[in-house]
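**Student:** Sequence plus the predicted model coming up.
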Amino acid sequence: MNIHEYQGKTLLRENNVAVLEGVHCTTVEQALSAYDSLGSKVVAVKSQIHAGGRGKGTLYHPETREHVMDGGVKIAFSREEVESYATNILGNILVTIQTGDEGKLVSNLYIEAGCDIAHEYYLALLVDRDNKSVLIMASTEGGMDIEDVAHNTPELIHKVVVDPNAGLLGFQKRDLGMSLGLSGAALKSFGKMLTNMYTMFVREDCVMVEINPLVRTGADEMVALDSKISFDENAEFRHKNWDDLRDLSEEEDVEIRAKETGLSYVKLDGNIGCLVNGAGLAMATMDVIKLYGGEPANFLDVGGGANEEQVKTAFSIILEDPNVKGILVNIFGGIMRCDIIARGVIAATEALSLEVPLVVRLAGTNVDEGKAILAASTLNIHPADDLAEGAQKIVALIGGDE
Amino acid sequence: MSIWIEEDAKVLVQGITGKQGMFHADKMVEYGTNIVGGCTPGKGGQTVELQGKPFPVWHSMSEAIEATDADATVIYVPPPFAAEAIMEAADAFDTIKGEGVVVCITEGIPTLDMVKAVAYVENRPGVRLIGPNCPGIITPGEKGGAKIGIMPGHIHAKGRIGIVSKSGTLTYEAVAQTMSIDEGQSTCIGIGGDPVNGTGFIDCLAAFEADPQTEAIIMIGEIGGNAEQEAAAWAAGNVTKPIVGFVAGATAPPGKRMGHAGAIISGGKGTAEEKFEAFRAAGIACAMDPSELGKVLLESLKAAGLR
């Protein structure tokens, strides 16, 4: 789960990590009074969306798609500029390298005081699979795309791995700080920041905290100029405040509804809907559809113990996508019994008066009963014995429409 | 032989009095697994009926292991308490026997809880953790066998193919594929798709290589991370038995979580293409479609003079 920069900065401030003064706004009027209250001549006017590359993004009108302004993060040198930038940003669509062409509607703005920057760095904390621990990564190449830095100049990225038993140790903070060329007050400020950030990372169940850029001020203080924070969804049960931080407008409505019914759904661009049990098999089903010349319309995992109702919900979610021209059901029954799935499929097709071709592949527990139930129905359901046959059949069945 | 779990291994169930734990414990007994009891804190002294027979429940894992000399435990404890259950089992096995296998089925354990639990288990070298968020491990026997987890037992048969996979239902698919060419399995392991887990691919490959019953291996990966690439590179130098591979997620878009917490491509790293490439470079025979695993396995067995 991602949160906005302004929310991340509040969290950092609460954890004694230095950030600049800033105000969250949703209207131009609020932006202007924020400018007045900050008392800083120069401020940054920052679009708040869950995607990187905001500074280099482009704003468009939401309906006409007319070009409004280049740059989703602007430095304003006067009240008039704040007004003009805020007007150009709020209510418009920001397209960045990470949003895709459709972009994201900007409804939130962050007005932040300016600061005296001596140097920009990169800093990130994340859970590293290889080391099975928290990894802290830093670089002198702040403000840049870190993947480019990692690719072109890997020697400029410095890492320390935190031992979960020992915690973050003094020498690790010194080593990392010195590898950035820090000394004196700046090194001390960096060490304090790391301690506070690591404590926050663990307490708040983060999976990533990225500060790009982290800056050293003229007074040798280390300040987080940006913040990108993601939480571990698995830990939601012990963080009641996440509900308030979650921006539902940033998530696909249908994906939220799927999650509420215990389904895992991700919309894709193709035209063959898939209904599968298990994440790995669901991905494999998409792959095989593509292998035989089709395009999957979605990823949908009904989980290990789906009932008739969930199967029905799954069908209705798949059919909401107007691109869907056919559906492939692929179930390998373990705990889930094929006869129950077969009944669910029949109930769903009847209730939703399904018009697109449907191919059903069943295997595993009670497969013979499941197949018999499908065969006995008068509905137009095409059976398949394995995944390849199922994919080939559905691709052939929708072929005429293409 | 088999790996880590013998056909008659003595198995405990943590969370045996819960709905999930009791349901799956019953299925395991039905399959023929040698379940010796279970553990639920606060319910020690009670019994649980599985397949019409009573099984004892203990308060703690140390009591349960002292009483039964169990070889393994399987965890069906809910996510908030699962990491602690892993550590309790690891500590009890380490203290009492110096060894033991801990299989954690639970899905949705907080990642930082697993960071702590994995470090805890790694400090006890005789203890092996499988999972979490996995179907478990099964060693099919002549009659029954040891099914430790949630996989459908009846699709398996004893044989010479070792299977290791990140995904649950794809493991079943692989099992069915071996059966389609009249081959059974030595041991099948689902290592789970979470970013931080216990036993990895290399552990499994090493054990299969050392196991006389296993003559060929199926390895199934998923997008995300680079465990598959590392395993392939390791296998190239260390595994003499034929390996057949598949990787799920070639069509998954970057940055999207595909059900498994781990199945996510970040910044062009961990793509299926990259993993297939690593497999091929290591001499692993790849199936581009899981329904072809049987066919590719048969070709590999023939090429190795095993059919």
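**Tutor:** Yes, it's here.
**Student:** which ones are touching the closest residue to residue A:2 other than its chain neighbours?
**Tutor:** Among residues not flanking residue A:2 along the chain, residue A:50 sits closest, at 4.5 Å (Cβ to Cβ, 6 or more residues apart in numbering or on different chains). C-betas here are computed from N, CA, C, even on glycine. Counting by Cβ atoms under 8 Å, 6 or more residues apart in numbering or on different chains, residue A:50 touches A:2-4, A:104, A:247, A:250.
**Student:** Nearest to chain B among those residues?
**Tutor:** Using Cβ to the nearest Cβ, residue A:2 comes nearest to chain B of the contacts of residue A:50, at 10.6 Å.
**Student:** Verify the contact between that closest one and residue A:229 for me.
**Tutor:** Yes. Assessed by Cβ atoms under 8 Å, residue A:2 is found in contact with residue A:229 at 7.4 Å.
**Student:** Of these two, which one has the most company?
**Tutor:** More crowded of residue A:2 and residue A:229, by other Cβ atoms under 10 Å in any protein chain shown: residue A:229, with 25 against 19.
**Student:** can you confirm that one is in a helix?
**Tutor:** No. Using DSSP: H, G, I helix; E, B strand; the rest coil, the assignment for residue A:229 is strand, not a helix.
**Student:** Excluding chain neighbours, what is closest to it?
**Tutor:** In space, residue A:229 is closest to residue A:8, 4.2 Å off (Cβ to Cβ, 6+ apart).
**Student:** same thing with residue B:87?
**Tutor:** With Cβ to Cβ, 6+ apart as the criterion, residue B:87 has its nearest non-adjacent residue at 4.8 Å, and that residue is residue B:120.
**Student:** in the stretch 201-307 of chain B, which spans are strands?
**Tutor:** Ranges of strands within the stretch 201-307 of chain B are B:216-222, B:243-248, B:285-286, based on DSSP state E, counting those that start in this stretch.
**Student:** residues in contact with residue 24?
**Tutor:** No chain was given, so I picked chain A. Residue A:24 makes contact with A:6, A:48, A:108-110 under the criterion Cβ under 8 Å, 6+ apart.
**Student:** think we crossed wires, I meant chain B
**Tutor:** Contacts of residue B:24 (Cβ under 8 Å, 6+ apart): B:13, B:74, B:76, B:105, B:149-150.
**Student:** which of those residues lies closest to residue A:269?
**Tutor:** Set against residue A:269, the nearest of the contacts of residue B:24 by Cβ to Cβ is residue B:150 (33.6 Å).
**Student:** Surely that closest one is in contact with residue B:137?
**Tutor:** No. Residue B:150 is beyond contact range of residue B:137, at 11.0 Å (criterion: Cβ under 8 Å).
**Student:** For those two, indicate the residue with more neighbours.
**Tutor:** Neighbours per residue (other Cβ under 10 Å) separate residue B:150 from residue B:137, with residue B:137 holding more: 30 against 22.
**Student:** Surely the more buried one and residue B:6 touch.
**Tutor:** No. Counting by Cβ under 8 Å, residue B:137 does not reach residue B:6; the two are 11.4 Å apart.
**Student:** Could you tell me which residues touch both of the two?
**Tutor:** Joint contacts of residue B:137 and residue B:6 (Cβ under 8 Å, 6+ apart) are residue B:146.
**Student:** So which elements touch the helix with the most length in chain B?
**Tutor:** Selection of the longest helix in chain B by residue count, based on DSSP state H, yields helix B:79-96. Using 3 or more Cβ pairs under 8 Å, 6 or more residues apart in numbering or on different chains; DSSP states H and E as the contact criterion, the neighbours of helix B:79-96 among helices and strands are strand B:10-14, helix B:61-68, strand B:72-75, strand B:100-104, helix B:111-122, strand B:127-130.
**Student:** what angle separates the fourth one from helix B:111-122?
**Tutor:** Spelled out, that is strand B:100-104. Relative orientation of strand B:100-104 versus helix B:111-122 (axes from the mean of the first three to the mean of the last three Cα atoms, to 10 degrees): 170 degrees.
**Student:** is chain A contacted by strand B:100-104?
**Tutor:** No. Under the criterion of Cβ under 8 Å from any Cβ of the partner chain, strand B:100-104 makes no contact with chain A; the nearest approach is 13.5 Å.
**Student:** So residue A:339 belongs to a helix, correct?
**Tutor:** Yes. Residue A:339: assigned to a helix according to three-state DSSP.
**Student:** Quick check: chain neighbours aside, which residue is closest to it?
**Tutor:** For residue A:339, ignoring the flanking residues on the chain, the nearest one in space by Cβ to Cβ, 6+ apart is residue A:369 at 4.0 Å.
**Student:** In contact with the residue in the stretch 101-250 of chain A positioned nearest to chain B: list those residues for me.
**Tutor:** Nearest to chain B in the stretch 101-250 of chain A, going by Cβ to the nearest Cβ, is residue A:235, at a distance of 3.8 Å. When contacts are counted by Cβ under 8 Å, 6+ apart, residue A:235 is found next to A:205, B:110-113.
**Student:** Go through these and name the one nearest residue B:66.
**Tutor:** Distances from residue B:66 to these, taken by Cβ to Cβ, are shortest for residue B:113, at 26.7 Å.
**Student:** what about residue B:35, which SS state?
**Tutor:** Strictly by three-state DSSP, residue B:35 counts as strand.
**Student:** picking up where we left off before, need the contact list for the residue nearest to residue A:339.
**Tutor:** Neighbours of residue A:369 in contact, by Cβ under 8 Å, 6+ apart: A:337-339, A:342.
**Student:** Dump the residues you listed into CSV; add neighbour count, pLDDT and distance to residue A:209 as well.
**Tutor:** Shown next, in CSV, are these (neighbours: other Cβ atoms under 10 Å in any protein chain shown; pLDDT from 0 to 100; distance: Cβ to Cβ, whole Å):
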residue, neighbour count, pLDDT, distance to residue A:209
A:337, 20, 84, 44
A:338, 24, 90, 45
A:339, 19, 89, 48
A:342, 29, 91, 47
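**Student:** Return the distance of the residue in chain B positioned nearest to chain A relative to residue A:14.
**Tutor:** Nearest residue of chain B to chain A (Cβ to the nearest Cβ) works out as residue B:167 at 2.2 Å. Noted for residue B:167: a distance of 39 Å to residue A:14, by Cβ to Cβ, to the nearest Å.
**Student:** The two: which is more packed in?
**Tutor:** More neighbours surround residue B:167 than the other of residue B:167 and residue A:14, with 32 against 11 (other Cβ under 10 Å).
**Student:** circling back: and the residue nearest to residue A:2, its phi and psi?
**Tutor:** Phi and psi for residue A:50, reported as degrees, to the nearest 10, are phi -90, psi 70.
**Student:** Give the buried residues for the longest helix along chain A.
**Tutor:** Of all segments of type helix in chain A, defined using DSSP H, the longest is helix A:184-203. Of all the residues in helix A:184-203, those buried under the rule 16 or more other Cβ atoms under 10 Å in any protein chain shown are A:186-191, A:193-198, A:200-202.
**Student:** If you count contacts, what does that helix end up packed against?
**Tutor:** helix A:5-14, strand A:117-128, strand A:133-139, helix A:170-179, strand A:206-217, strand A:222-224.
**Student:** again, only using 6 Å
**Tutor:** Contacts defined by 3 or more Cβ pairs under 6 Å, 6 or more residues apart in numbering or on different chains; DSSP states H and E place helix A:184-203 against helix A:170-179, strand A:222-224.
**Student:** Could you pull out the buried residues of the shortest one?
**Tutor:** To tie it back to what came earlier, the one meant is strand A:222-224. Buried-residue list, strand A:222-224, by 16+ other Cβ under 10 Å: A:222-224.
**Student:** Let's have the residues you listed in JSON lines, adding distance to residue A:256 and pLDDT.
**Tutor:** Shown next, in JSON lines, are the buried residues of strand A:222-224 (distance: Cβ to Cβ, whole Å; pLDDT from 0 to 100):
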{"residue": "A:222", "distance to residue A:256": "38", "pLDDT": "98"}
{"residue": "A:223", "distance to residue A:256": "35", "pLDDT": "98"}
{"residue": "A:224", "distance to residue A:256": "30", "pLDDT": "97"}
